[in-house]
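Asks: Pasted the sequence and its predicted model underneath.
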Amino acid sequence: MMNAIGGAQAMHDSRPWLAHYPPAVPRELDEARIGTLADLIRSACTRYAGRPAFESFGKAITFAETLRAAEAFAGWLQAQGLKKGDRVALMMPNILAYPAAIFGTLLGGFTVVNVNPLYTARELTHQLNDAGARVLVVIENFAHVVEEARANLKLDSIVIATAGDLMGFKGKIVNFVARRIKKVVRPYDLPGAVPLLPILQGGTAMAPVTVGPDDVAFLQYTGGTTGVAKGATLTHRNVAANVQQAGLWLEWVLEPPLGRSDYQHAMVTALPLYHIFALTCCCLFMLRIGAKSLLIANPRDIPGFIKTLKANRFTLFSGVNTLYNALANHPEIRQVDFSEMRFAVAGGMATQAAVAKQWKAVTGRPIIEGYGLSETSPVATINRPDIQEFTGTIGYPIPSTDIAIRDGEGNDMPLGEAGEICIRGPQVMAGYWNRPDETAKAMTADGYFRSGDVGVMLPDGQIKVVDRMKDMVLVSGFNVYPNEVEDVLASHPGVLESAVIGLPDEHSGEAVTAFVVRKDQTLTADELRAFCKENLTGYKVPKQIFFRETLPKTNVGKVLRRALREEVVAKR
């Protein structure tokens, strides 16, 4: 008996976060009830049939309409000879047809391969051939890239989507503006390609198919920011589990107002659905709770984005640090009504304290930061949704999730000491697609995924990310984490945004180098360096500061430090 009690106590001590869970949140999932994404799609679209599910450019479609379009797409794929498990690539921004294509692919037992529409022909060729995709759906704005790559692709079919698909007459106007006025659609020549809209409206009946929890739902390719993009193999069980985990963590604060059974949440979906954060949190989780997703096709157009926010009611918000920063600094943001917003979540990159402070000053709500990766479907940790102030941490491991902080030899680090964040739970991928060697490197013998991020676990079990292991700068034997320096730079009133990298230095091995976009054009490098000296140990102060008009970013808004490093090296 003593040994059993001792063992239980040791387990509890190794998971200190459990003592700090909200009372309404269980510690574990009921894994027998995870099911599949096909189950989720059918049940939600039936239960919430008449509600608006997605809205784009002022036009909404219901859950029932989305399901009909999805089943039509699944039936068409079956008619093309695709078999269960075949891969279907989707290359679109946030438009109404995108969720329907995702759902149809999943309902048919096929595998979704999400593709960044901004990919070059080289990047597109690598991903489609690596995935073995048989069908590609591409929005017409980027069909010229497919034309460039086509000779090297092994596709059976190419389908052309438009921004106005599923929007009725309004869709014709949207497409006219895109093609004739804004001229964002470049000429292309893809003989044999077929339009998506007639497929979604078509009468090809979907044959019954049994989808299982271990079937592959997504090949979610890593961004390739640290090397060649790899496909994280996410099963229906992985992603459905993560949707359920998010539900257990968040739904207790999403109860409708008393007496409002008709109340519907609305999520501002600015991050692209091909990104795992938006896919799970803004699409599939919203499906689970019957919420509407307000799709933002181009979040980089901040004035247009704010115009949309002013015209729409919303209760939930998602974004990354750069997006929150751009919105909070826009002069018209205070004209937006945030009174119904329950919470704003952030992920994808570190949220800076200065940005979080300004966001709360504007909206009255703190940013709730979470953490995850493509390989974890993505959510692994998140702050409590009832926090009143930004914490600067990524919160607690969610139900049925274990986090270990380990050194390079795989040993667990003491609380408060930095090491690699390692994650174990039902949301962790099955492995990298056709890359057993890479899978072996990423997974530990006891089932943890090695994130490549450096973090510390605080005494209460919260996790604080320090930085990417590969981005760490080594100055005369001292570790410098770019996130820390960037956080200090962001707190200067004259700085809009920044990026910090290490560059070779003959004296110290590497030198801290900062690239800064100014808010105040009179700011000088000497002033900024003096400010850093007041807030950082000497070896962390940037040796060089370069002012720029913009910083290179992924389409999600994550700053590409590697691109800056390559740019400087190329000039030397």
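Replies: In hand now; what should we look at?
Asks: Which helix in the chain has the most residues?
Replies: Ordering each helix of the chain by length in residues (DSSP state H) puts helix 63-79 first.
Asks: Next one, pLDDT for the residue nearest to Asp407 when sequence neighbours are not counted please.
Replies: Taking Cβ to Cβ, 6 or more residues apart in numbering as the measure, Asp407 lies nearest to Gly419, with 5.1 Å between them; neighbours along the chain are not counted. Placement of C-beta: from N, CA and C, glycine included. pLDDT, the model's per-residue confidence, is 96 for Gly419.
Asks: now swap in the one 10 residues further on and tell me
Replies: Model confidence at Met429, expressed as pLDDT, equals 98.
Asks: That one against Pro378, yeah?
Replies: No - in this structure, Met429 is not within contact of Pro378 by Cβ atoms under 8 Å, at 10.1 Å.
Asks: can you pull the contacts of the residue nearest to Asp407?
Replies: Counting by Cβ atoms under 8 Å, 6 or more residues apart in numbering, Gly419 makes contact with Ile405, Arg406, Asp407, Asp412, Met413, Val454, Gly455, Val456.
Asks: how does it look with 7 Å?
Replies: Listed by Cβ atoms under 7 Å, 6 or more residues apart in numbering, the contact set of Gly419 reads Ile405, Arg406, Asp407, Met413.
Asks: Could I get the contacting residues of the second one?
Replies: The neighbours of Arg406, taking Cβ under 7 Å, 6+ apart as the test, are Asp412, Met413, Gly419, Glu420, Cys422.
Asks: top of those residues by neighbour count?
Replies: Across the contacts of Arg406, the neighbour count under other Cβ atoms under 10 Å reaches its highest value at Cys422, namely 24 neighbours.
Asks: How is the protein divided into domains?
Replies: Following the assignment in automatic domain parsing, the chain carries domains at 63-221, 472-571.
Asks: next one: the first one to chain centre, how far?
Replies: By that I understand domain 63-221. With Cα atoms, centre = their mean, to the nearest Å as the basis, the distance from the averaged C-alpha position of domain 63-221 to the chain average is 20 Å.
Asks: ok, now stretch 422-441?
Replies: From the chain centre to the centre of stretch 422-441 is a distance of 18 Å (Cα atoms, centre = their mean).
Asks: And for stretch 474-486?
Replies: With Cα atoms, centre = their mean as the basis, stretch 474-486 stands 26 Å off its chain's centre.
Asks: What's the separation between Gly347 and Glu369?
Replies: Going from Gly347 to Glu369 by Cβ to Cβ, to the nearest Å gives 7 Å.
Asks: These two: which is more packed in?
Replies: It is Gly347, of Gly347 and Glu369, that has more neighbours when counted by other Cβ under 10 Å, with 28 against 24.
Asks: coming back round to it: of all the domains of the chain, which lies closest to Phe277?
Replies: domain 472-571 (7.7 Å; Cβ to Cβ).
Asks: And the closest one, end to end?
Replies: Between the opening and closing residues of domain 472-571 lies a distance of 22 Å (Cα to Cα, to the nearest Å).
Asks: quick one: the helices in the stretch 251-400 of the chain?
Replies: According to DSSP state H, counting those that start in this stretch, the stretch 251-400 of the chain carries its helices in the segments 276-277, 285-289, 302-311, 321-328, 353-363.
Asks: Give me the residues contacting the fourth one.
Replies: Under the contact criterion Cβ under 7 Å, 6+ apart, helix 321-328 has outside partners 270, 299, 302, 333, 346, 349-352, 355, 358-359, 362, 367, 497, 553, 557.
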